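Undergrad: below is the sequence, then the predicted model.
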Amino acid sequence: MILETIVITWDLQGIPHIAPMGIHTAAPDAGRSLVILPFRPSRTLDNLLSAGQAVVNATDDVRIFAGCLTGRRDWPLVPSQRVSGYRLRDALATTEVELERTEEDPVRPRLHCRIVHSASHAPFRGFNRAQHAVIEAAILVSRLERLPWEKIQAELSYLQSGLDKTAGPRERQAWDWLMEKIAQFESKREIS
Ligand SMILES: Cc1cc2nc3c(=O)[nH]c(=O)nc-3n(C[C@H](O)[C@H](O)[C@H](O)COP(=O)(O)O)c2cc1C
């Protein structure tokens, strides 16, 4: 299974870096290990290879996903518990990991991590279609250069209906940031 999370890493000076990442988990090791797969080049990859630790954050604040994709990476952090870094202050749950081994790949190495600490910080309140729409739109934004323009437009129009019916202010703001970025991409595309 792949879970869409916010992964926090840090460099050797302790400077944190926040990035949305789909982390892979599989039975029977789901509670003991997980795999992070960054596409090269990636600061998450560089930090994990040098500091050897990370914190995987579960959050329903989809502004963080949209924010990271639109240049807004400054989200409140607090120190993590077992590894020497940070977690999202408002995470619902966190998983602290240490890098165990790396499966090299020129495009997308597989970073196998051992779970050293897990904690719940706030309850899961239920599924929300607008949150799903923002996460899907954020993935589209991360692939703007690679996907056909018609596919992007078709998917956005489908996602928009779930968003319109179910969004709260956070989801609406996250969506607006993403649409701004897509509009900028579209106007550059028209010029060239
Ligand atoms: C929901 C979601 C999941 C993502 N999963 C991955 C992933 O598994 N690997 C990856 O390299 N980028 C992923 N991305 C894109 C990265 O977050 C983005 O490109 C980021 O800047 C990665 O580079 P960095 O490590 O240098 O920050 C994802 C984006 C979203 C919105």
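TA: Good, I have the coordinates.

Undergrad: average pLDDT across stretch 138-158?
TA: Averaging pLDDT along stretch 138-158 yields 96.

Undergrad: same deal with stretch 41-48?
TA: Rounded mean pLDDT across stretch 41-48 is 98.

Undergrad: does the ligand have contacts with stretch 48-66?
TA: Yes - residues of stretch 48-66 contacting the ligand under C-beta under 6 Å from any ligand atom: residue 65. (C-beta placed from N, C-alpha, C; glycine too.)

Undergrad: so which helix or strand takes in residue 170?
TA: Using DSSP states H and E, residue 170 sits within helix 169-191.

Undergrad: is that helix anywhere near the ligand?
TA: No - shown here: helix 169-191 not in contact with the ligand (C-beta under 6 Å from any ligand atom), separated by at least 9.4 Å.

Undergrad: buried set for that helix?
TA: For helix 169-191, burial by neighbour count (16 or more other C-beta atoms under 10 Å) applies to 170, 171, 173, 174, 175, 177, 178, 179, 181, 182.

Undergrad: tell me the contacts of the second one?
TA: Residues in contact with residue 171, defined by C-beta atoms under 8 Å, 6 or more residues apart in numbering, are 62, 128, 130, 131, 133, 134, 163.

Undergrad: the fourth one: neighbour count?
TA: The criterion is other C-beta atoms under 10 Å. On that basis, residue 131 has 24 neighbouring residues.

Undergrad: how much space between the nearest residue in space to it that is not next to it in sequence and residue 184?
TA: Closest residue to residue 131 apart from its sequence neighbours, by C-beta to C-beta, 6 or more residues apart in numbering: residue 62 at 4.8 Å. Distance from residue 62 to residue 184, counting by C-beta to C-beta, to the nearest Å: 20 Å.

Undergrad: wait, residue 61 touches residue 170, no?
TA: Yes - shown here, residue 61 and residue 170 form a contact pair, counting by C-beta atoms under 8 Å, at 6.0 Å.

Undergrad: please consider this matter closed, and thank you.
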